[in-house]
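Colleague: Need a 3D model of the following:
(one chain, ligands or ions: 2)
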Amino acid sequence: MNHLISPSILASDFGNLERDIKMLNNSDADWIHFDVMDGMFVPNISFGFPLLSVVKKHATKPIDVHLMIVDPDRYIEQFAKGGASVITVHFEACTHLNRTVNAIKDLGCKAGVALNPHTPVGFLEDIIEYLDLVLIMSVNPGFGGQKFIANTYKKLRELKKLSSGRNSKLYIEVDGGVDDSNSLKLIDAGANVLVAGNSVFSAKDQPAAIRSLKHPR
Ligand code: DX5
Ligand code: ZN
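Modeller: Ligands and ions are numbered 1, 2, ... in the order given. I've put the predicted structure just below:
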């Protein structure tokens, strides 16, 4: 599968959100990454339903919701009804992950599970067949613009190994510190969805930044 690009609107200009979403609509972006932080699971608060409705109103591409929140089951239905196509919950935030994943799928969304940098890929051994997506965090979640953690390559290779044969259609997403310096290596290691916040929105030519992640050299 050709890899997908999911720019994170956490790094966009909220004062010009409509403009930035329209830029994404007209770019090589495949999905729009929507980072929800609750100030409990992560030490930062980002945004929630009011902003999702603005994104949904303008976006022509699937919305890829990343829930960095405690006990996400409470809000899955509201995110699905609010327009999410993909809903990713954190492994570390779910007591009954199998139930949570089924709930996401029953609402008609793709179900993803995110792993913090310290969480072993092997913890997914007994759920890998049921997942549409696994998100490997390549920074500690909570903030954009952080430094990429190199151990990510090893985790991507392990995930590729775990999923091949058992779930060959799995989306393998990597999130945090992704830019032109590591995109090709990440794809080589097994990633097929690249999330990028700062490297896209701090660029002078944002569509060009997305294009170069989509066509790395
Ligand atoms: C971090 C978020 C990321 C963030 C990535 O907690 O999950 O999606 O927006 O931002 P960059 O690409 O700037 O590291
Ligand atoms: Zn994210």
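
Colleague: alpha carbons only for contacts and neighbour counts from here, please
Modeller: Will do.

Colleague: now do the same end-to-end measure for stretch 6-23.
Modeller: 13 Å (Cα to Cα, to the nearest Å).

Colleague: How about that stretch and ligand 1, any contact?
Modeller: Yes - applying Cα under 6 Å from any ligand atom, one finds stretch 6-23 touching ligand 1 at Ser8, Leu10.

Colleague: what's that stretch in contact with?
Modeller: Contacts to stretch 6-23, defined as Cα atoms under 8 Å, 6 or more residues apart in numbering, come from residues 24, 29-35, 46, 54-55, 58-59, 64, 144, 193-198, 200-202, 207, 210.

Colleague: Please list which of these also come close to ligand 1.
Modeller: Asp35, Gly144, Ala196, Gly197, Asn198.

Colleague: So which of those residues belong to strands?
Modeller: Among the ones next to ligand 1 among the contacts of stretch 6-23, the members found in strands (DSSP state E) are Asp35, Ala196.

Colleague: Dump the ones next to ligand 1 among the contacts of stretch 6-23 into TSV; add distance to Arg74 as well.
Modeller: Listed next are the ones next to ligand 1 among the contacts of stretch 6-23 as TSV, based on distance: Cα to Cα, whole Å:
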residue	distance to Arg74
Asp35	17
Gly144	25
Ala196	27
Gly197	27
Asn198	30
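
Colleague: quick one on the thing from earlier: out of the contacts of stretch 6-23, which are inside strands?
Modeller: Ile32, His33, Phe34, Asp35, Asp64, Val193, Leu194, Val195, Ala196.

Colleague: The fifth one touches Phe34, doesn't it?
Modeller: The one in question is Asp64. Yes - checked against Cα atoms under 8 Å, the pair Asp64 and Phe34 is within contact range at 5.9 Å.

Colleague: about what we covered before: of the contacts of stretch 6-23, select the buried ones using a PyMOL command.
Modeller: Here is the PyMOL command that selects the buried residues among the contacts of stretch 6-23 (16 or more other Cα atoms under 10 Å):
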select buried, resi 24+29+30+31+32+33+34+35+55+59+64+144+193+194+195+196+197+198+200+201+207+210
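
Colleague: Run a quick neighbour tally on Asn16.
Modeller: By other Cα atoms under 10 Å, 9 other residues sit near Asn16.

Colleague: next one: phi and psi at it?
Modeller: Main-chain torsions, Asn16, degrees, to the nearest 10: phi -130, psi 40.

Colleague: same deal with Leu115?
Modeller: Dihedral angles (degrees, to the nearest 10) for Leu115: phi -120, psi 130.

Colleague: OK, contacts around it?
Modeller: With contacts defined as Cα under 8 Å, 6+ apart, Leu115 is in contact with His90, Phe91, Glu92, Val121, Val134, Leu135, Ile136, Met137.

Colleague: who wins for most neighbours among those?
Modeller: Among the contacts of Leu115, the one with the most neighbours (other Cα under 10 Å) is Val134, at 28 neighbours.

Colleague: Export only the CA atoms of stretch 90-103, formatted as CSV.
Modeller: Provided in CSV are the C-alpha atoms of stretch 90-103 (Å, rounded to 0.1, in the frame of the first residue of the first chain):
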residue,chain,number,x,y,z
HIS,A,90,-4.3,4.8,23.8
PHE,A,91,-3.5,1.3,25.0
GLU,A,92,-2.4,2.8,28.3
ALA,A,93,-5.8,4.5,28.8
CYS,A,94,-8.1,1.5,28.2
THR,A,95,-8.9,-1.2,30.8
HIS,A,96,-11.1,-3.3,28.4
LEU,A,97,-9.4,-2.6,25.1
ASN,A,98,-11.2,-5.3,23.2
ARG,A,99,-14.6,-3.9,24.2
THR,A,100,-13.4,-0.3,23.2
VAL,A,101,-12.2,-1.5,19.8
ASN,A,102,-15.5,-3.3,19.1
ALA,A,103,-17.5,-0.2,20.2
